[in-house]
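Participant: coordinates only, no sequence provided:
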Ligand SMILES: [Zn+2]
């Protein structure tokens, strides 16, 4: 790719004393600036090519899954195309006053087409677990929002009855045997592990806390059997043991709370990663 002047657009340059001098307007570029300029040009050209690989999508009727080349478009563009298409298709469907069962089935077919695009998108970069997590969460949203739609039938008196999708109709990725939840959790675990690897101190702390809960549970169990050893009518004896159990139960709650706090940190990290990726990748949330 040739260096293009950012001021006048000329590609005619002459090297002078280690500088690139634009013959159109005289602007001088250092080697570093020229390299940066070329890298930016390459990036812009790639983004353009990817955008072109996805057909235009101004409304639901533009949706043409066959017109999308997932590999050429790249995972981001494919994800955004399928998600935008689904948002439009679902919005159109919801505008219908009394959609028929046939219309609902067509919507489900479109949902499956979106799911196929998303699954293909995830496969373009199988080692990118964060991207796959985002994509399969989108798949789950599409499936559940499709399943949540209704169609209408008129009874003999002309009254409209609302009906759900037939239970036998599955909204899933064609050919994919794993459930959305298992795909999501598999990719999520990899991201979680990335956080844990970077925070060995917290991992150790959690292990200590878990050991602590076992020790506390042991003490609690001893007290429980002690309480049982009092006869059925020995209310005061049982009460006395119960009073000694209370602080131990509180201790257990405290330690469990500390474990949850640590687990929440991991969740927060994953959510933060998804939020960052979500700045230019559509995340569905119906
Ligand atoms: Zn110039």
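Facilitator: That came through fine. Values in this document were obtained by computation on a predicted structure and should not be read as measured data. Numbers count the residues shown, from 1 in each chain.
Participant: give the other helices and strands that the helix or strand hosting residue 242 contacts.
Facilitator: Element membership of residue 242 [criterion: DSSP states H and E] is helix 235-277. In this structure, helix 235-277 makes packing contacts with helix 129-147, helix 180-198, helix 200-229, judged by 3 or more Cβ pairs under 8 Å, 6 or more residues apart in numbering; DSSP states H and E. No exception for glycine: its C-beta is placed from N, CA and C like everyone else's.
Participant: of all those, which lies closest to the ion?
Facilitator: Between the ion and those, the shortest gap by Cβ to the ion is with helix 129-147, which sits at 38.6 Å.
Participant: can you pull the buried residues of that closest one?
Facilitator: Using 16 or more other Cβ atoms under 10 Å as the test for burial, helix 129-147 gives 129-143, 145-146.
Participant: who does that helix touch, helix- and strand-wise?
Facilitator: helix 70-95, helix 101-124, helix 180-198, helix 235-277.
Participant: okay, those in a markdown table with mean neighbour count next?
Facilitator: Shown next, in a markdown table, are those (neighbours: other Cβ atoms under 10 Å):
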| stretch | mean neighbour count |
| --- | --- |
| helix 70-95 | 21 |
| helix 101-124 | 20 |
| helix 180-198 | 16 |
| helix 235-277 | 13 |
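Participant: and the nearest residue to residue 210 once chain neighbours are set aside, what does it touch?
Facilitator: Once flanking residues are discounted, residue 210 sits nearest to residue 259: 6.8 Å by Cβ to Cβ, 6 or more residues apart in numbering. For residue 259, the contact set (Cβ atoms under 8 Å, 6 or more residues apart in numbering) comprises 206, 209, 210, 213.
Participant: for residue 92, same thing?
Facilitator: Contacts of residue 92 (Cβ under 8 Å, 6+ apart): 59, 60.
Participant: separation between it and residue 211?
Facilitator: 56 Å (Cβ to Cβ, to the nearest Å).
Participant: per-residue confidence at residue 13?
Facilitator: If you check residue 13, the pLDDT there is 94.
Participant: show me what the closest residue to it other than its chain neighbours is bridged to.
Facilitator: Distances taken as Cβ to Cβ, 6+ apart place residue 20 nearest to residue 13, at 4.7 Å, with adjacent residues excluded. Beta bridges link residue 20 to residue 15, residue 29, judged by DSSP bridges.
Participant: ok, of the contacts of residue 259, which come out buried?
Facilitator: 206, 209.
Participant: the contacts of residue 259: which two are farthest apart?
Facilitator: The span of the contacts of residue 259, defined through Cβ to Cβ, is set by 206 and 213 at 10.7 Å.
Participant: name the element residue 169 belongs to?
Facilitator: In the assignment (DSSP H and E), residue 169 maps to no helix and no strand.
Participant: I'd say it and residue 109 touch.
Facilitator: No - judged on Cβ atoms under 8 Å, residue 169 makes no contact with residue 109 at a distance of 10.2 Å.
Participant: make sure residue 153 is indeed in a strand.
Facilitator: Yes - per DSSP: H, G, I helix; E, B strand; the rest coil, residue 153 lies within a strand segment.
Participant: just give the closest residue to it, not the sequence neighbours.
Facilitator: That would be residue 161: by Cβ to Cβ, 6+ apart, it lies 5.4 Å from residue 153.
Participant: on that earlier part again, let's have the helices and strands packed on helix 235-277 in CSV, adding mean pLDDT and distance to residue 251.
Facilitator: Formatted as CSV, the helices and strands packed on helix 235-277 follow (pLDDT from 0 to 100; distance: least, Cβ to Cβ, whole Å):
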stretch, mean pLDDT, distance to residue 251
helix 129-147, 97, 37
helix 180-198, 96, 26
helix 200-229, 97, 6
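Participant: quick one: which of those is nearest residue 174?
Facilitator: helix 129-147 (11.7 Å).
Participant: between that closest one and helix 70-95, how big is the angle?
Facilitator: 30 degrees (axes from the mean of the first three to the mean of the last three Cα atoms, to 10 degrees).
Participant: chain center to helix 129-147, what's the gap?
Facilitator: Relative to the centre of its chain, helix 129-147 is centred 6 Å away, using Cα atoms, centre = their mean, to the nearest Å.
Participant: repeat that for stretch 50-63.
Facilitator: The answer for stretch 50-63 is 22 Å, by Cα atoms, centre = their mean.
Participant: quick check: buried residues in it?
Facilitator: 50, 53, 54, 55, 57, 60, 63.
Participant: repeat that for stretch 200-213.
Facilitator: Across stretch 200-213, burial judged by 16+ other Cβ under 10 Å covers 202, 206, 209, 212.
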